[in-house]
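Visitor: would you be able to build a 3D model of this:
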Amino acid sequence: MAKSSVANIFTFSNLSCGLLSLIMTLAASSTNNEYYKLACLFILIAGIIDRYDGRVARALNVSSELGKELDSLADLVSFGVAPSILAYHLCNFSSNFNFLGYIFVLIFPIAGAYRLARYNLSTFDGVFRGIPITLAGMFMALYSLIYLLLNTQPNAVLTIVIMLILSYLMVSNLKLKKL
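Guide: Numbers count the residues shown, from 1 in each chain. Model (predicted):
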């Protein structure tokens, strides 16, 4: 097995968790929250995996532009699309907000895509511009999971406000030092 395959296994595992989160969200219903909980957990697991793909690539000296782009695509699915669709279904955006619900569900992953593209075009100096999409997506998953564990429905308006704030923070020029 090529050394680069080891790092790619982490990236594809991240992507797989994002896709599984989407599948769980679509399988969930208002009478069975277990799938929603699994959707949240898959996003959180993706975050843990994402923490290590770049480190593994650097440790094995196999960092590449392809790996960087694959990582961004995986991150967009796991931390942009999956949390947005989770919130959309869990809070019933289409019923609560009609057409605006469709707009709200798009803003979060679009902001995440912009943030990832901007990051990929910059030279990293140990400081992030805007909060990482991983942080935003994991926050949404944790927020949703807390409500689910409390056996209550998240407030749709509060969820939208949080998503809009996180979207703004992803594309902002706020500087955060990498931990």
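
Visitor: confirm for me that M138 is in contact with I43.
Guide: Yes - at 6.4 Å, M138 counts as touching I43 under the criterion of CB atoms under 8 Å. C-beta: built from backbone N, CA, C; applies to glycine.

Visitor: contacting residues around the residue sitting nearest the centre point of the chain?
Guide: Nearest to the geometric centre of the chain sits F79, at 0.7 Å (CA atoms, centre = their mean). Residues in contact with F79, defined by CB atoms under 8 Å, 6 or more residues apart in numbering, are 18, 43, 46-47, 50, 112, 133-134, 136-138.

Visitor: among these, which one sits closest to V171?
Guide: V171 lies nearest to G112 out of these, by CB to CB, at 8.9 Å.

Visitor: S172 and F12: what is the separation?
Guide: S172 is 30 Å from F12, where distance means CB to CB, to the nearest Å.

Visitor: and for S64?
Guide: For S64, the distance to F12 - CB to CB - is 15 Å.

Visitor: quick one: which of those two has more around it?
Guide: Neighbour count, other CB atoms under 10 Å: between S64 and F12, F12 has more, with 15 against 12.

Visitor: ramachandran coordinates for the more buried one?
Guide: When read as degrees, to the nearest 10, the backbone of F12 gives phi -70, psi -30.

Visitor: now N32
Guide: phi -140, psi 100.

Visitor: number the residues from 493 up from this point.
Guide: Yep, numbering from 493; the last one is N524 now.

Visitor: and it, how many neighbours?
Guide: Neighbours of N524 (other CB under 10 Å): 10.

Visitor: could you give the bridge partners of it?
Guide: S521 (DSSP bridges).

Visitor: and it, what pLDDT?
Guide: pLDDT, N524: 82.

Visitor: what is the host helix or strand of V597 packed up against?
Guide: Here V597, judged by DSSP states H and E, is contained in helix 591-613. The contact analysis (3 or more CB pairs under 8 Å, 6 or more residues apart in numbering; DSSP states H and E) places helix 591-613 against helix 557-568, helix 574-582, helix 585-589, strand 619-621, helix 625-641, helix 648-663.

Visitor: which of the ones you listed sits most buried?
Guide: helix 574-582 (a mean of 24; mean count of other CB atoms under 10 Å).

Visitor: so what touches that one?
Guide: By CB under 8 Å, 6+ apart, helix 574-582 touches 510-511, 513-514, 517-518, 520, 528, 531-532, 534-535, 538, 585-586, 593, 596-598, 600-601, 628-629, 632-633, 636, 639-640, 645-646, 651, 655.
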